[in-house]
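>>> how would this look folded up:
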Amino acid sequence: MLFNRKFISKDNKKKLFLSLNYNKNFQIKSFDSKRNKINKDKINKYFLKLMLNKISKIWATMHLIEKKKLIMLEGAKLIGAGCATIALAGAGAGIGIVFGSLINSVARNPSLTKQLFGYAILGFALTEAIALFALMMAFLILFVF
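Numbering: from 1, shown residues only. As a prediction, this is how the structure comes out:
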């Protein structure tokens, strides 16, 4: 099966015929109507220039798409890190509840202050650990992925 395409160069207005064989035989012919002879050097230069132009346009389009993907990825990372830091607010509220309960318990029974303070520090440490895990996840999302 044979496919033919006509190209008309802008500089010398010659008719260019590009023949592409189905067997992957590639032939380029330039026919100069004034001299009735084939000029292979000019057509090879023209075809190379045409292909480089097409390739550069494709590359520029692909580069633009890749840039848009990177911008979207960066935005998604920022949103994910923001969502991960919401847990820090919960940890702050938890620490406030722990020490508020400590003050309330000491006010009710001052003789158990030492034992209640140990429990309060344990509750503070566990709540703070959750906050550190949330902060670690936010940094992982930002700087690793």
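>>> buried stuff in stretch 79-86?
The neighbour-count check on stretch 79-86 (16 or more other CB atoms under 10 Å) flags 80-81, 84-85 as buried. Yep, even glycine has a C-beta here, placed from its N, CA and C like the rest.
>>> and stretch 126-139, by the same measure?
Neighbour counts over stretch 126-139 (16+ other CB under 10 Å) mark 127, 131, 134-135, 137-138 as buried.
>>> ok, those vs Leu48, which is closest?
Ala138 (51.7 Å; CB to CB).
>>> how about the contacts made by the nearest residue to the closest one once chain neighbours are set aside?
Spatial nearest neighbour of Ala138, excluding adjacent residues (CB to CB, 6 or more residues apart in numbering): Ala84 at 4.0 Å. Listed by CB atoms under 8 Å, 6 or more residues apart in numbering, the contact set of Ala84 reads 134-135, 137-138, 141.
>>> if you set the cut-off to 7 Å instead, what comes out?
Going by CB atoms under 7 Å, 6 or more residues apart in numbering, Ala84 touches 134, 137-138, 141.
>>> how near is it to Gly100?
Note on Ala84: its distance to Gly100, by CB to CB, to the nearest Å, is 26 Å.
>>> for Gly118, same thing?
With distances taken as CB to CB, Gly118 is found 17 Å from Gly100.
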